[in-house]
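Visitor: Show me how the following folds:
(2 chains)
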Amino acid sequence: MLDNFPHAVRIKKIIKETPLVRSYFFEYPVRAKPGQFVNVWVAGIDEKPMSIAFDDGKNYMLSIAAIGDMTKVLAHKKVGDYIGIRGPYGTHFSWKPGQRIAMLAGGYGAGPLYFAASKAVAQNCHVDFFLGARSKQHLLFSAQIKKLKNTRFLPSTNDGSAGFHGTSVACWAEQIKKGARYARVMTCGPELMMKAVSDIAWKKKIDAQISVERYMKCGFGICGNCCVDDLGITTCQNGTVMPNSVARKIKEFGAYHRDSVGRKHSF
Amino acid sequence: MADLSVNFCGVKFKNPLVLASGILGITASSWRNVVRHGAGGITTKSLWLHEHKGHRNPVIIANEHYMLNAVGVPDAGVNKAREEIGKFLAFRTGAPLIANIIADTVHNFGETAAEIAKIKPDILEVNISCPNVEDEFGKPFACVAADAARVTKEVKSRLKKMRFKIPVIIKLSPNVENIVEIARAVVNAGADGLTVMNSVGPGMAINIETRTPILKNKVGGLTGPALKPLAVKFIYDIHHALPKTPIIGIGGVLTGADAIELMMAGATLVGIGTGIYYRGIGIFKKITDEMQTWCKANHVKRLSDLIGTVS
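Guide: Numbering: from 1, shown residues only, chains lettered A, B, ... in the order given. From the prediction side, this is the model:
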């Protein structure tokens, strides 16, 4: 285990995935499991938690959208430049060999679930991968997901420009209606989407793993910014990936979250 | 089983361990979770009258030797405090709540104290010693005896006018020439108790590859196990100078033996902060178990009998 200081690593490769998203590759000495995150530090600017989109056993891949001031600076970094990494932190997705799994990814949730799918199919799991986005150009990792064995790729877009016209949750519900049965469902994406998955899974008694994420600072259970009502547990250590039974005990899940000063905001 | 309960400023704690300010301290749910894990009481993160933004990340870094933090005292202001403290009191955990307050001026310390006292916390702790907002506010009030006394007087007189009898304790800085002189000044100004000590420094850590200070604030308060001897000496010195003044001892406590050491030096309550990093949130239960084992082996029936027993 490394200490909780950022470790400077050099960017080895950068791939432009969508107009906003770039994937950064670098070597890191501690192995990650799907669903875990690292804190990415851009020296002198800021540091943010980012989910790990892939770990091939030597290199990490992080897929990051340039939407805030830190990530916009990051978007100008070149191969050979330094970024700081600490972690990996948090819980992870899990499965039993041979399970039939539904994965519902919204937007940037595609990364950790692509990582989970690639590991799960290696253990003979069968995956239905429901990937949702605003439009075709925002569907992340389509090509990679299509290449996975034992995997059905079921994209959906809000504007109908690719796949199912509507949400990934509606697409999943339609599959269930058609008779698809799942031993487990995993979801990572916008919270209201995950709440919908949680509700359906609960009703249909499907074992579910939900990635519940809150504003995090330290990442190691000290600052308290990511504690959830009313359980009071941190999501950086007790999450982000939680069993549905825990997620459903979190009163604020699907209702509100807190900002950097602890003030509540509704979803 | 030894009796671990202590009485601090007339408030009863089932054991002397309190969550120190600044850690897991933002919401009622989090405070209750800490009490569930065995804390005798909790201290809120510092409360401001109005919203105060903290620093950007990184705000906390840690290794096996120390933790360095400059979170920058973020808080949403008194409306949030009202909601969260009210909610905690409604949970009826039995554990006292210490509301820690902070402000930028002497006058605003009085205003904040008055607003927070209305919510009826068990104890008010006044943070005049934060080392990581110096860029914004200059040297902490705790660094000059006369300034520390002025804040104390203002808070006490505001509360007296409103007929609040809530105990007021002042959190002191270790980063001073003569901490006993500051302690004496605030006690003479009416402080009911003292918290000894806030974090040390500030210090700095540099990432040598990027040649950049790691904390966004560049500098931050130093905490962790190596600081315990400093805390023990400050508590010892202050207790000997002011034997009637109850003390919350904080600094590097990881074990039952550490907590007993601070109590022997003169602390009635013992704050746990960075210890959570080293032993997890289970540290409260671990320390109370360790104190019980020690008391049994040493035929101590009442833990409070140990307070200030080292001459």
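Visitor: Show me which residues of chain A are close to chain B?
Guide: Within chain A, the residues that sit near chain B (C-beta under 8 Å from any C-beta of the partner chain) are A:3-6, A:8, A:39, A:41, A:43-48, A:82, A:84, A:86, A:217-218, A:220-225, A:227-234, A:258, A:260-263. (Glycine included, C-beta is placed from N, CA and C.)
Visitor: Quick check: bridge partners of residue B:203?
Guide: residue B:220 (DSSP bridges).
Visitor: can you pull the contacts of residue 73?
Guide: This is for chain A. Shown in contact with residue A:73 (C-beta atoms under 8 Å, 6 or more residues apart in numbering or on different chains): A:42, A:45.
Visitor: wait, chain B
Guide: By C-beta under 8 Å, 6+ apart, the contact set of residue B:73 is B:45, B:46, B:48, B:52, B:54, B:102, B:130, B:132, B:133.
Visitor: The nearest residue to the first one once chain neighbours are set aside: neighbouring residues, count only.
Guide: When the adjacent residues along the chain are set aside, residue B:45 lies closest to residue B:25, with 3.6 Å between them (C-beta to C-beta, 6 or more residues apart in numbering or on different chains). One way to gauge burial is a neighbour count; for residue B:25, by other C-beta atoms under 10 Å in any protein chain shown, it gives 24.
Visitor: what number of residues lie near the residue nearest to residue B:91 when sequence neighbours are not counted?
Guide: Among residues not flanking residue B:91 along the chain, residue B:32 sits closest, at 5.1 Å (C-beta to C-beta, 6+ apart). Residues contacting residue B:32 under the criterion other C-beta under 10 Å number 21.
Visitor: How about residue B:256?
Guide: Neighbour count of residue B:256, defined by other C-beta under 10 Å: 19.
Visitor: Hmm, it is touching residue B:296, no?
Guide: No: counting by C-beta atoms under 8 Å, residue B:256 sits too far from residue B:296 to count as a contact (11.4 Å).
Visitor: Which parts of chain B are helices?
Guide: B:28-36, B:78-91, B:106-117, B:134-137, B:145-161, B:179-188, B:228-241, B:256-265, B:275-279, B:283-297 (DSSP state H).
Visitor: and the gap between the nearest residue to residue A:139 once chain neighbours are set aside and chain B?
Guide: Excluding the flanking residues, the one nearest residue A:139 by C-beta to C-beta, 6+ apart is residue A:133, at 4.7 Å. Computed as C-beta to the nearest C-beta, to the nearest Å, the residue A:133 to chain B distance reads 28 Å.
Visitor: Could you pull up the residues touching the residue in chain A positioned nearest to chain B?
Guide: Of all residues in chain A, residue A:232 sits closest to chain B, at 3.0 Å by C-beta to the nearest C-beta. Going by C-beta under 8 Å, 6+ apart, residue A:232 touches B:27, B:28, B:29, B:30, B:31, B:32, B:33, B:34, B:36.
Visitor: ok, of those residues, which come out buried?
Guide: Buried subset of the contacts of residue A:232 (neighbour count, 16 or more other C-beta atoms under 10 Å in any protein chain shown): B:27, B:28, B:29, B:30, B:31, B:32, B:33, B:34.
Visitor: How confident is the prediction for the nearest residue to the third one once chain neighbours are set aside, by pLDDT?
Guide: Translated: residue B:29. Nearest residue to residue B:29 in three dimensions, chain neighbours excluded: residue A:232, at 3.6 Å (C-beta to C-beta, 6+ apart). pLDDT for residue A:232: 98.
Visitor: so residue A:232 sits in a helix?
Guide: No: looking at residue A:232 with DSSP: H, G, I helix; E, B strand; the rest coil, it is coil, so not inside a helix.
Visitor: if we can go back for a sec, out of the buried ones among the contacts of residue A:232, who's nearest residue B:156?
Guide: Residue B:156 lies nearest to residue B:31 out of the buried ones among the contacts of residue A:232, by C-beta to C-beta, at 25.8 Å.
Visitor: How about the residue lying closest to the closest one once chain neighbours are set aside: which residues does it bridge to?
Guide: Of all residues not flanking residue B:31 in the chain, residue B:42 sits nearest, at 4.4 Å (C-beta to C-beta, 6+ apart). Residue B:42 has these beta-bridge partners by DSSP bridges: residue B:19, residue B:97.
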